[in-house]
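Participant: Attaching a predicted model along with its sequence, questions to come.
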Amino acid sequence: MQITLELPEDIARGLECKWKDLPRAALESLALEAYRSGALAAAQIRRLLGFETRIQLDAFLKDHEIYDYTASDFEHDREILRQLRTRESLH
């Protein structure tokens, strides 16, 4: 599907001063919001933006301050750390 946006010329010029590739910036903004809202998964965002690897996607998300780290991830990491500390104290 192709989507066309019509912008007043003065607004388009102003945005192009900030973002040289305005169509790409619009696509990335759409992708970021879709990811934040849960409308699209990481694999879909990666495909939409043409990234070859998950690492590229992770870097893109990090650049936009979107971190894929949940409370359950934190609890898992905390449990692993507890186990490692227990193991170290036995040695």
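Facilitator: Arrived safely, thanks for sending.
Participant: Quick check: which element contains the residue nearest the centre of the chain?
Facilitator: Centroid check for the chain by CA atoms, centre = their mean gives Leu61 as the closest residue, at 2.6 Å. Secondary-structure element containing Leu61, defined by DSSP states H and E: helix 54-63.
Participant: Please enumerate the helices of this protein.
Facilitator: Per DSSP state H, the chain carries helices over the ranges 9-18, 22-37, 42-49, 54-63, 71-90.
Participant: quick revisit: spatially nearest residue to the residue nearest to the centre of the chain (excluding sequence neighbours)?
Facilitator: Once flanking residues are discounted, Leu61 sits nearest to Asp68: 6.7 Å by CB to CB, 6 or more residues apart in numbering. Quick note: C-beta positions are derived from backbone N, CA and C, even for glycine.
Participant: Contact partners for Ser89?
Facilitator: Going by CB atoms under 8 Å, 6 or more residues apart in numbering, Ser89 touches no other residue.
Participant: circling back to that earlier point, mind putting the helices of the chain into a markdown table with distance to Met1 and mean pLDDT?
Facilitator: As requested, the helices of the chain are arranged in a markdown table below (distance: least, CB to CB, whole Å; pLDDT from 0 to 100):
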| stretch | distance to Met1 | mean pLDDT |
| --- | --- | --- |
| helix 9-18 | 22 | 94 |
| helix 22-37 | 12 | 95 |
| helix 42-49 | 11 | 95 |
| helix 54-63 | 21 | 92 |
| helix 71-90 | 34 | 87 |
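Participant: Mind checking those helices for the one nearest to Ile3?
Facilitator: Each of these has some distance to Ile3 by CB to CB; the shortest is helix 22-37, at 8.5 Å.
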